[in-house]
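> Sharing a model prediction with you, sequence too.
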Amino acid sequence: MQQARHQLWHDYRFRLRLMLVRQRSYHYKKWTMLLVSLLVVVSVAATVILLPRFVTSLTVHSNVQPAQATMFGSDAQHTHTNTAEHLLTSRTVSHLTADWTSVPTGGSLFSSPVVAGEVVYSTSLDGRLYAYNAAGCEQQSSCAPLWSSVPTGDRIYSSPAFANGVVYVSSSDHHLYAYKADGCDRSSCTPLWSSTVIQGLAPSSPTVSDNIVFIGTSSGFLFAFNATGCGRSPCSPLWTSTPMRASCGQGNCLPLPLTVQTHSNFSSSPAVANGIVYIGSFDRRLYAFNETGCGQATCPPLWNTTPTQDVITSSPAVANGLIFVGSLDGQIYTFSASGCASSPCAPLWASVPTGGPIESSPAVADDVVYVGSWDHMLYAFDIAGCGYSLCQPLWASTPTQSILESSPTVAGGVIYVGSVDEHLYAFNAAGCHATPCTPLWTSPPVGGAIESSPVVVNGVVYIGSLDHKLYAFHLP
């Protein structure tokens, strides 16, 4: 019965995808060249006045984002927060307008984009990694990639991860791939190295921490690879977890073995904090592992949790010594990041059930945890709970027109989330005077459902769509 229910859920989910096409145009402005010309012809007095503006403009244009490690959820803790954003705020976000879109890839973009330096990376169901100029393309509204990877052997649902000049991608062909971030001397680039065959599909987005790349698989395994490779491809993992599956017979797990038919090709992405790797599993539990392994090829978890009431495909977020994760039972669960005296560990608190499954991964900022639900609404909860085992939200949004699988992102006091209704929404992260809260801004419809998590960098919002395109919105 449970397998049949999850298959129906899988089939329903993909019937929701609508593929409409709409483009908006934008003409790139060469502010830097204009300012340089003015400086040549103006007087010394005018130069003194204009120079600060010139320096500021040049700095904003050339420093899209520091090339630090960045991945799904922004960081290894998966907080989905950019604390450095100051251009887009609750006062300015309503002025967002379409900037540029990518030319269509060969497949839908479930991937959440990642911005490193002046390049934005995304993957596609056509099995490729794409790299675009984060500033778009001059005098064009539809931009071709700077480079793309040669096709992997299957679809890519996962989001890329960037660290130390390398971009990592996991593919449904059972491999992890590493690419040079600045591409190669051709339009299609081969990987620096790839992994040996891993057990199960790899829809889990890779996470990079302390020079180790972690990915989860649909078969219930966690894999850890050396981020620098092994000197000769393919590379074997540093260590692998024991299967993250509870013993059946107590009515608290899915039948074994898990098959592709029991899930939707999505799995939890690992979060890493203070030397511990946290990941959700299809057996409805959260698992914790030592990031350096156990001295053996196969490592058991440090601890795991009591089961939720349904599968966990949401990726955990770690903040303030707490772990937050959603479940298909429609609730968000909070656990201590240090575990408990005796495993399995019970949650510190859980939310009251929302009106639908939660596949969205939580975002955490300023002592509030945010998550989207299949009931079309965004929810905000106090991370400290409410003093009871089940907690009501601080506030909830007005319903969008379809389900929220997109994971929210917080930047500049604004929370962004995409919807299967083809719109991107922006809400005040502080909520509103009376719940439900209406959005501060709603994008025009893109050409397909949005399951990608938005990324906000220096006044630009990037998002992928199932219409095969990457979209960028900016302040005019």
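Looks like it came in fine. In this text, all values refer to a predicted model and were calculated from it rather than measured experimentally. Numbering: from 1, shown residues only.

> okay, the residue positioned nearest the centre of the chain: pLDDT?
Among the residues of the chain, the smallest C-alpha distance to the mean C-alpha position (Cα atoms, centre = their mean) belongs to residue 72, namely 3.5 Å. Residue 72 carries a pLDDT score of 96 in this model.

> do the same with residue 79
We note a pLDDT of 98 for residue 79 in this prediction.

> burial of the nearest residue to it once chain neighbours are set aside, as a residue count?
Taking Cβ to Cβ, 6 or more residues apart in numbering as the measure, residue 79 lies nearest to residue 364, with 5.0 Å between them; neighbours along the chain are not counted. Every C-beta, even on glycine, is put in place using the N, C-alpha and C of the backbone. Number of residues near residue 364 (other Cβ atoms under 10 Å) recorded here: 24.

> Kindly report the same for residue 183.
Burial measure for residue 183: 18 neighbouring residues, criterion other Cβ under 10 Å.

> so what's the nearest residue in space to it that is not next to it in sequence up against?
Distances taken as Cβ to Cβ, 6+ apart put residue 147 closest to residue 183, at 3.7 Å, once the chain neighbours are dropped. Applying Cβ atoms under 8 Å, 6 or more residues apart in numbering, we find residue 147 in contact with 130-131, 183-184, 186-189.

> And the strands in the stretch 51-200 of the chain, which stretches?
Under the criterion DSSP state E, counting those that start in this stretch, the stretch 51-200 of the chain carries strands at the ranges 81-82, 97-102, 114-116, 119-123, 129-133, 142-143, 147-149, 161-163, 166-171, 175-180, 188-189, 193-194.

> Residue 402 is nearest to which of those strands?
Between residue 402 and those, the shortest separation by Cβ to Cβ is 20.8 Å, and it involves strand 97-102.

> Tell me which residues of that closest one come out buried.
98-102 (16 or more other Cβ atoms under 10 Å).

> Do a quick rundown of the strands in the stretch 351-476 of the chain.
Under the criterion DSSP E, counting those that start in this stretch, strands of the stretch 351-476 of the chain are mapped to 363-365, 368-372, 378-382, 390-391, 395-396, 409-411, 414-418, 424-428, 441-442, 455-457, 460-464, 470-474.

> Mean pLDDT and distance to residue 199 added to those, as CSV?
Formatted as CSV, the entries for the strands of the stretch 351-476 of the chain read as follows, by pLDDT from 0 to 100; distance: least, Cβ to Cβ, whole Å:
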stretch, mean pLDDT, distance to residue 199
strand 363-365, 98, 31
strand 368-372, 98, 30
strand 378-382, 98, 35
strand 390-391, 98, 37
strand 395-396, 98, 40
strand 409-411, 98, 32
strand 414-418, 98, 31
strand 424-428, 98, 36
strand 441-442, 98, 42
strand 455-457, 98, 31
strand 460-464, 98, 28
strand 470-474, 98, 31
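
> nearest to residue 228, of those?
Taking Cβ to Cβ as the measure, the strands of the stretch 351-476 of the chain were each checked against residue 228, and strand 455-457 came out nearest at 25.7 Å.

> And the closest one, what does it pack against?
Here strand 455-457 is seen to pack against strand 81-82, strand 114-116, strand 409-411, strand 460-464 when contacts are counted using 3 or more Cβ pairs under 8 Å, 6 or more residues apart in numbering; DSSP states H and E.

> Of all these, which one is nearest residue 90?
Relative to residue 90, the nearest member of these by Cβ to Cβ is strand 409-411, separated by 10.8 Å.

> Give me the contact list for the closest one.
Outside of strand 409-411, the residues that reach it under the criterion Cβ under 8 Å, 6+ apart are 74, 80-83, 85, 88, 363-365, 370, 415-417, 429, 453-456.

> ok so, going back, make a markdown table from the helices and strands packed on strand 455-457 and add mean neighbour count and distance to residue 179 to it.
Listed next are these as a markdown table, based on neighbours: other Cβ atoms under 10 Å; distance: least, Cβ to Cβ, whole Å:
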| stretch | mean neighbour count | distance to residue 179 |
| --- | --- | --- |
| strand 81-82 | 24 | 24 |
| strand 114-116 | 24 | 12 |
| strand 409-411 | 27 | 24 |
| strand 460-464 | 28 | 18 |
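
> how about JSON lines for the ones you listed, with distance to residue 383 added?
Written out in JSON lines, the entries for the helices and strands packed on strand 455-457 read as follows (distance: least, Cβ to Cβ, whole Å):
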{"stretch": "strand 81-82", "distance to residue 383": "13"}
{"stretch": "strand 114-116", "distance to residue 383": "25"}
{"stretch": "strand 409-411", "distance to residue 383": "13"}
{"stretch": "strand 460-464", "distance to residue 383": "25"}
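
> Which one, of the ones you listed, ends up nearest to residue 306?
Among those, strand 81-82 comes nearest to residue 306, with 28.1 Å by Cβ to Cβ.

> List the pairing partners of the closest one within its sheet, with orientation.
Strand 81-82 has its sheet partners listed here by DSSP bridges as strand 409-411 (parallel).

> picking that back up, of all the strands of the stretch 351-476 of the chain, which gets the most neighbours per residue?
Ranked by mean neighbour count under mean count of other Cβ atoms under 10 Å, the strands of the stretch 351-476 of the chain are led by strand 414-418, which reaches a mean of 30.

> That one to strand 368-372, inter-axis angle?
Strand 414-418 and strand 368-372 are oriented at 20 degrees to each other (axes from the mean of the first three to the mean of the last three Cα atoms, to 10 degrees).

> So which elements touch strand 414-418?
Using 3+ Cβ pairs under 8 Å, 6+ apart, the elements in contact with strand 414-418 are strand 409-411, strand 424-428.
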